[in-house]
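Asks: Provide a 3D model corresponding to the input given below.
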Amino acid sequence: MKSIRVALAGQPNVGKSTLFNSLTGFNQCVANYPGVTVECREGKARHDDRLFDFIDLPGTYSISSFSPEEKIAVDVINDEKPDLIVNIVNSANLEQNLYLTSQLLELNIPLILFLNMSDIAASKGISIDSTLLSKKLGIPVISGAAIKKNGIEDLIHEIINTYDKGTPPRSLNYNSELEADLEKLALSIKYNTGSENPRWDAIRFIEEDTPYKEVDGTINELAEKIKTGIKDRTGSEPSEHFLRERYRIITKFAAECIKQEKVKKKPVTTLLDSIFMSRFTAIPLFFVMIYVLFQIVFTLGDPMMGWIESLFGYISTSVSSLWPDGSDSLLRSVIVDGIIAGTGGVLVFTPNVFLLFMGIAFLEGTGYMSRAAVIMDRYMSKTGLSGKSFIPMVLGFGCNVPAIMSTRIIENKWERFATILSIPFMSCSARLPVYVLLISAFIEDQYRALTLLGIYLTGIAAAMITARTLRSTILKGDENPLLIELSDYTLPSMKSIFMQTWDRGKHFLERAGTVILATSIILWALTAFPRFNPAESSLSEAEAAKMQVEQSYMGRVGKVLEPAVELMGGDWRAGSAFVASMAAKEVFVSQIGILFSLGEVTEEDTTLKQKIKETYSIPAVLAFILFTLLSAPCLATFAIIKAETGQWRWAFFQFAFMTVIAFSFSVILYQAGTFLMKIGV
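Replies: Okay, here's the model as predicted:
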């Protein structure tokens, strides 16, 4: 049975992702479409014995192909050729949302309008005559609330019904002169190119968004004549004329279909904004929420970490017991010291990472994050950025790679480049295991969340200073004001939060199963070779193991770097771990664990945290944390900077700049801390 291919289109903040999650459940994947590097989600589902393929298009205000998101949406529709489009709109802001609908009507693809957030609209005294709206637009209209799963079944049935009919929607009727122009140009395009949708091509052509790489001369000549005629008649550009015409029709429809009643009770959003957006409370409340999030990460994460740590300890002991005591087996070593110790050392921090993602998903789902962008705009403008840069930077707390990709929402080229080069200072989830390990070794429970907050704030400060420096020197340019829509506050569903958490968190697990696993085996090999033969010496088993590590290839690298690393309180083991973490920051944990477990195995073996506490001082550990925060995050980030800027020089510049900054400030921190401890401060 053929699957019904359905594209979900809508403006940002209309609940499109919530609807997508409701329709597909966990049966989703991330798709990279040809010609673009942005990610679109796809999901499969079965309803009423019918198969569905859902495509979640990027949120976009129009499909005029002026912004990257609009071009992507058009390209995906053209390339994937969906059988049907579901246009999701915010019922509480219908008139503005219908602009995208007016364009989708021109695509000659069966279209359904889903009036989402109908419950919020009702709470504001807004009622929509969906039957009349359906008649005006000539398409099916379904009312519902995706977050409450209201209207989902009706939507599915209408998708099946509309697909079976296969009737494309009718286009909007513009003024008679414009309709005559479109008809003439569409006929010429049809005759010369055989286009399947010449009317849409004509509209795009007149709006100066040429749909063909090579166009017949007669089409060009006619198009220019029509554009000139529009300018002479209206005194405005063709794109502006189309904009006014669409809104003329939309406003008329909205006036006939929407009824607004007075609501005595002040809307919840207004009340909450008076608190969260106040000039006096906005910033303190922002930091309080971030602090609470980090407190949750530690308080709830620590017990679960202990369970996972015990599990891997049991696995390691069980596997080791398969070989006789004292046997020098390379296979045992690669499994226990390489694979189990490497991946286990990272996976033990899974609860902390997932809790962080869950907190961010909750804040995004409530509508607070867009307000945080507005709150921070007044401060970010002083760095040469706008509040629009804040959203990619917040995404950097999860992973720097998609955060850098999301900077496409920034129109200003130099602001975008400054944001790209600043994002790596935002502490990603890969750094979190390093922080948790080092903080847990020295900091008391009641101060851990505060310490973590301080680390993240330091990263934010470093990003802001970097942005200001870049925008004042090599990336000078005009600054754009922030224009962003603030949706109503909503309480996101637990399913939506869990799915977003899983969608982001699974990449952490995939890295553990691929990049970290491969890196752990490579690092084990560098630590295990060349082999040291204890039979040729009178050393004890523990001393022989320590000698093996020191004489290995990785040990030699660490020894070379040791004079530099000693300046920040480290030794050859820390140097080796920092080199290994260039591939992925969380590898630091597994590498330092491998080095300690091989180098100092005794009958009274202590945990990794205890070994770190015994080996390094507090100033040294703080310097390690600062170096982890300020140094380049991973090779994937290095590669994506090249991809997004189009030049290797920016990637190399960012790597060199961060390395110098990280090393310099880490040395200063260690030396200053050591001095203060000596004088008893």
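Asks: switch to C-alpha atoms for all contacts and neighbour counts from now on
Replies: OK.
Asks: contacting residues around Ile484?
Replies: Shown in contact with Ile484 (C-alpha atoms under 8 Å, 6 or more residues apart in numbering): 370, 374, 388.
Asks: so the chain: which segments form each domain?
Replies: Following automatic domain parsing, one finds the domains of the chain at 4-165, 176-260, 282-493, 509-678.
Asks: what's the burial count for the nearest residue to Ala449 once chain neighbours are set aside?
Replies: Of all residues not flanking Ala449 in the chain, Gln295 sits nearest, at 4.8 Å (C-alpha to C-alpha, 6 or more residues apart in numbering). Residues contacting Gln295 under the criterion other C-alpha atoms under 10 Å number 20.
Asks: now the domains of the chain in TSV, with mean pLDDT?
Replies: Formatted as TSV, the domains of the chain follow (pLDDT from 0 to 100):
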stretch	mean pLDDT
domain 4-165	85
domain 176-260	86
domain 282-493	86
domain 509-678	83
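Asks: so which of those comes closest to Thr270?
Replies: domain 282-493 (8.8 Å; C-alpha to C-alpha).
Asks: okay, how far is it across that closest one, tip to tip?
Replies: Domain 282-493 stretches 25 Å from its first residue to its last (C-alpha to C-alpha, to the nearest Å).
Asks: touching, Ile206 and Ala223? I think so.
Replies: Yes. Using C-alpha atoms under 8 Å, Ile206 is in contact with Ala223, at 6.4 Å.
Asks: and the helices in the stretch 551-681 of the chain, which stretches?
Replies: Assigned helices in the stretch 551-681 of the chain, in chain order: 553-566, 572-580, 587-599, 608-615, 618-630, 635-645, 648-678 (criterion: DSSP state H, counting those that start in this stretch).
Asks: to Ile219, which of these lies closest?
Replies: Among these, the nearest to Ile219 by C-alpha to C-alpha is helix 635-645 (35.2 Å).
Asks: residues of that closest one that come out buried?
Replies: Burial within helix 635-645, assessed by neighbour count using 16 or more other C-alpha atoms under 10 Å, is assigned to 637-638, 640-641, 644-645.
Asks: ok, of those residues, which one's closest to Arg471?
Replies: The shortest approach to Arg471 among the buried residues of helix 635-645 belongs to Thr645, at 15.8 Å (C-alpha to C-alpha).
Asks: residues touching that closest one, list them.
Replies: Phe417.
Asks: so which elements touch the longest helix along the chain?
Replies: Across the chain, the longest stretch assigned as helix under DSSP state H is helix 282-320. Counting contacts by 3 or more C-alpha pairs under 8 Å, 6 or more residues apart in numbering; DSSP states H and E, helix 282-320 is packed against helix 268-276, helix 341-347, helix 350-366, helix 368-380, helix 445-472.
Asks: could you pull out the buried residues of that helix?
Replies: Buried, per 16+ other C-alpha under 10 Å, within helix 282-320: 282, 286, 290-291, 293-299, 301-302, 304-305, 308-309, 312-313, 316, 320.
Asks: again with stretch 218-237
Replies: 219, 223, 226-227, 229-230, 237.
Asks: among those, name the ones in helices.
Replies: Those of those lying in helices (DSSP H): 219, 223, 226-227, 229-230.
Asks: what segments of the stretch 101-250 of the chain are helices?
Replies: For the stretch 101-250 of the chain, the helices defined by DSSP H, counting those that start in this stretch occupy 118-123, 130-137, 152-165, 176-193, 198-206, 217-234, 238-257.
Asks: any chance you could list what contacts the last one?
Replies: Read that as helix 238-257. With contact meaning C-alpha under 8 Å, 6+ apart, helix 238-257 is reached by 94-95, 98-99, 102, 128-130, 132-133, 136, 174-175, 206-208, 227, 230-231, 234.
Asks: what about whatever helix or strand comes next after it, distance to the chain center?
Replies: Downstream of helix 238-257, the next assigned helix or strand under DSSP states H and E is strand 258-260. Strand 258-260 has its C-alpha centroid displaced from the chain centroid by 37 Å (C-alpha atoms, centre = their mean, to the nearest Å).
Asks: check which residues of strand 258-260 are buried.
Replies: Buried residues in strand 258-260, counted by 16+ other C-alpha under 10 Å: Ile258.
Asks: for the remainder of this discussion, apply numbering that starts at 853.
Replies: Understood, numbering begins at 853; the last thing we discussed is strand 1110-1112.
Asks: strand partners (parallel or antiparallel) of that strand?
Replies: strand 978-980 (antiparallel) (DSSP bridges).
Asks: tell me how far the partner strand lies from the chain's centre.
Replies: Offset of strand 978-980 from its chain centre (C-alpha atoms, centre = their mean): 34 Å.
Asks: and the gap between Ala1313 and Ser970?
Replies: With the distance defined as C-alpha to C-alpha, Ala1313 ends up 41 Å from Ser970.
Asks: between these two, tell me which one has more neighbours.
Replies: More neighbours surround Ser970 than the other of Ala1313 and Ser970, with 23 against 14 (other C-alpha under 10 Å).
Asks: could you check how far the closest residue to Ala1314 other than its chain neighbours is from Thr1480?
Replies: Using C-alpha to C-alpha, 6+ apart and skipping residues adjacent in sequence, the residue nearest Ala1314 is Phe1277, 6.3 Å away. Separation of Phe1277 from Thr1480 (C-alpha to C-alpha) stands at 10 Å.
Asks: deepest of the helices and strands packed on helix 1134-1172, which one?
Replies: Among those, helix 1193-1199 has the highest mean neighbour count (mean count of other C-alpha atoms under 10 Å), at a mean of 26.
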